[in-house]
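Chemist: need coordinates for the below:
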Amino acid sequence: MDLPSAADAFTTHLEQVRRLSAATVRAYRSDLRDLAGVVGAVPLREVDLEALRDWLWRATQRGDARSTLARRAAAARSFFAWAKDEELIVVDPALRLIAPKRGRTLPAVASKEGLRDMLDERARSAAGGDPVALRDHAMLELLYGSGMRVSELCGLDVDDLDLDRGTARVWGKGSKERVVPFGTPAAAAIGAYLTRGRAALIARAATTSPAVFLGIRGGRIGPRAVYALVAAALGPIIGSDAVGPHALRHSAATHLLDGGADLRAVQEILGHASLGTTQIYTHVSSERLAATYRLAHPRA
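Modeler: Predicted coordinates for the structure are as follows:
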């Protein structure tokens, strides 16, 4: 079997057997296509450690980030381990493949005041009753209020919401179900959208959809539209156009910890499998605390 065919079989295995998220499968597929683009459509047994090292070296020469190199090395190790288990190869060439360690960067976080002012402005815009304004305000409030991922927001159905309890049932990475809380402002914004905006968007489609959030043509909204919304709303606050829904998730987690929330509770809300992933936000809180100290203390 050649490399591209084996890569296709592997990503099908990830999707159908291991049931990884669509985003994770896309990342693996992209990395293995990049590998095939360097070594060619050669028989899988001909790919050796030197070919893999050359692949990563070429990636460094074109300026790929260390995080990208680490992800690609991990994808190669997972792929060739699977190939050996499937007896497609005799020797695993990726066993000794080493990529540079990831550089840990702190996530971008918006200020509480900036988010408050932005959401208040969105609420005023939605007060006129425009369906899209109502929807956008509800999405922004829910993303910040719950810390959910953009894929989880887009996958929400009406039956997943409990406005009385202020909770939403979401499906996270690896199809893991969890219930996330959200606050009164988010519940009010969602209620206004469901009552006054959603029906108008449904009327634009040929068929009805169970989705909470709909696009301008009446179908389930996609991540790209949510990214565009968040970039426009949050960019001026953070000072960068390169922000997306994850910035609201970062902000929610950091503000929870700033307010005294337990780290494990934040882990459960965010749906992190590892507490170590959540701990990055303790570093963000520490950085913010140090910055406040340097600005406010006369002897700083």
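
Chemist: domain ranges for this protein?
Modeler: 3-85, 112-295 (automatic domain parsing).

Chemist: what's the closest of those to residue 94?
Modeler: The closest of these to residue 94 is domain 3-85. By CB to CB, the value is 4.1 Å. (C-beta placed from N, C-alpha, C; glycine too.)

Chemist: so for that closest one, what's the average pLDDT?
Modeler: Average pLDDT, domain 3-85: 90.

Chemist: quick one: low-confidence parts of the protein?
Modeler: Within the chain, the set of residues satisfying pLDDT under 70 comprises 100-107, 241-242, 283-300.

Chemist: now the strands for it?
Modeler: Remark: strands assigned in the chain by DSSP state E are 161-162, 167-171, 177-181.

Chemist: who's in contact with residue 130?
Modeler: residue 197 (CB atoms under 8 Å, 6 or more residues apart in numbering).

Chemist: residue ranges of the helices in the stretch 151-300 of the chain, please?
Modeler: Along the stretch 151-300 of the chain, the stretches classed as helices by DSSP state H, counting those that start in this stretch are 184-196, 198-202, 223-238, 245-258, 263-270, 275-278, 280-296.

Chemist: to residue 91, which of those helices lies closest?
Modeler: Judging the helices of the stretch 151-300 of the chain by CB to CB, what sits closest to residue 91 is helix 275-278, at 32.5 Å.

Chemist: in that closest one, what counts as buried?
Modeler: For helix 275-278, the neighbour count (16 or more other CB atoms under 10 Å) marks residue 278 as buried.

Chemist: try stretch 225-233
Modeler: Quick answer for stretch 225-233 (16+ other CB under 10 Å): 225-226, 229-231, 233.

Chemist: export the residues you listed to JSON lines and tack on distance to residue 140?
Modeler: Formatted as JSON lines, the buried residues of stretch 225-233 follow (distance: CB to CB, whole Å):
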{"residue": "225", "distance to residue 140": "13"}
{"residue": "226", "distance to residue 140": "9"}
{"residue": "229", "distance to residue 140": "7"}
{"residue": "230", "distance to residue 140": "7"}
{"residue": "231", "distance to residue 140": "12"}
{"residue": "233", "distance to residue 140": "6"}
